[in-house]
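Undergrad: Generate a structure from the sequence data that follows.
(one chain, ligands or ions: 2)
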Amino acid sequence: MLGAHGRMGRTVCEAVDAAPDLELVARLDAGDDVASLTSDAVDVAVDFTVPGATEANVHALVDAGIHAVVGTTGWTDESRTSVREHLGRAGGDVGVLLAPNFGLSAVLAMRFAAQAARYFESVEVIELHHPEKVDAPSGTARHTAAAIAAARAEAGLGAAPDATEAGWDARGADVDGVRVHAVRLRGLVAHEEILLGNPGEQLVIRQDSFDRASFMPGVLLGIREVVRRPGLTVGLENVLELG
Ligand SMILES: NC(=O)C1=CN([C@@H]2O[C@H](COP(=O)(O)OP(=O)(O)OC[C@H]3O[C@@H](n4cnc5c(N)ncnc54)[C@H](O)[C@@H]3O)[C@@H](O)[C@H]2O)C=CC1
Ligand SMILES: O=C(O)C1=N[C@H](C(=O)O)C[C@H](O)C1
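TA: Ligands and ions are numbered 1, 2, ... in the order given. Presented below is the predicted three-dimensional model:
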């Protein structure tokens, strides 16, 4: 477990300890050397660290021939391409699963939003998180916006209507042409709302992770499945075979 002392790391360690078919063999955190891990001792590494560390961790794991399940956010198209190319050069059967959200409610919300996107003129995303979160917008919101943008483009939809002339900083981030708003509030864990609008009607898709336990079935599934999936897989929806 990389990031073993963190909020997610502690929860994953408990979940793996409680799983009869899994054995937790190493707990690493900041300052520990990922390169000390070997494929003789470790089958799968789980990374819930920080955006500034996760990419280097994954490259070190690929070098060591260790499969990786990665929940850490902050990944860019370039960093994903770099891992894909590294896996190609390594040429073995190492699997890397990158998932911005391991919660079933979040994965389904993203899927439903992408399905609905083609039918609505307007769409905006609001993500709401605990105030300790270091990145914004969330990885989930970025993944959601990318899927919505792809669905809108496939349906031939242009930009959502928006007459804003001044005050763009109040309109949220632009992620692939979709406005994304980030809320940080004491008491929250991880939540997302997708608002879709047409003349005279609105669809709201909302998911709430009230507890980090919500991510554990997805993480455990990822650990069990990544060993069977050589190369890079992005998104738990592919492991759940939602397509
Ligand atoms: N994919 C998903 O379902 C979820 C993803 N996340 C993401 O997971 C990441 C971690 O979230 P939290 O656990 O809340 O953060 P956290 O700040 O509680 O934990 C991060 C841990 O990583 C450690 N760390 C920093 N650099 C490291 C390095 N080079 N090697 C090993 N450990 C290192 C820190 O010391 C800390 O203990 C964030 O990017 C967050 O967005 C969080 C929840 C669910
Ligand atoms: O930092 C968090 O807490 C979370 N991060 C992930 C994200 O950025 O999407 C997943 C979930 O929202 C919790």
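
Undergrad: mind listing what residue 128 touches?
TA: Shown in contact with residue 128 (CB atoms under 8 Å, 6 or more residues apart in numbering): 182, 183, 184, 185, 188, 190, 191, 192, 193. From N, CA and C alone the C-beta is placed, and that goes for glycine too.

Undergrad: actually residue 67, not the one I typed
TA: Residues in contact with residue 67 (CB under 8 Å, 6+ apart) are 43, 44, 45, 61, 94, 95, 96, 226, 227.

Undergrad: repeat for residue 161
TA: 121, 122.

Undergrad: what about it, which helix or strand?
TA: Under the criterion DSSP states H and E, no helix or strand holds residue 161.

Undergrad: three-state assignment of residue 53?
TA: In three-state terms, and counting by DSSP: H, G, I helix; E, B strand; the rest coil, residue 53 is helix.

Undergrad: That one - how many residues pack around it?
TA: Neighbours of residue 53 under the rule other CB atoms under 10 Å: 16.

Undergrad: The chain should start at 10 in everything you say after this.
TA: That works, and once the first residue is 10, the last one we named lands at residue 62.

Undergrad: where's it relative to residue 82, distance?
TA: Distance check for residue 62 against residue 82: by CB to CB, to the nearest Å, it reads 12 Å.

Undergrad: Weed out the non-buried ones from the contacts of residue 137.
TA: In those, burial by neighbour count holds for 191, 197, 199, 200, 201, 202, counting by 16 or more other CB atoms under 10 Å.

Undergrad: which ones are touching residue 195?
TA: Listed by CB under 8 Å, 6+ apart, the contact set of residue 195 reads 139, 140.

Undergrad: which residues in the protein form helices?
TA: Ranges of helices in the chain, per DSSP state H, are 16-27, 60-73, 86-99, 113-126, 148-163, 225-235, 245-248.
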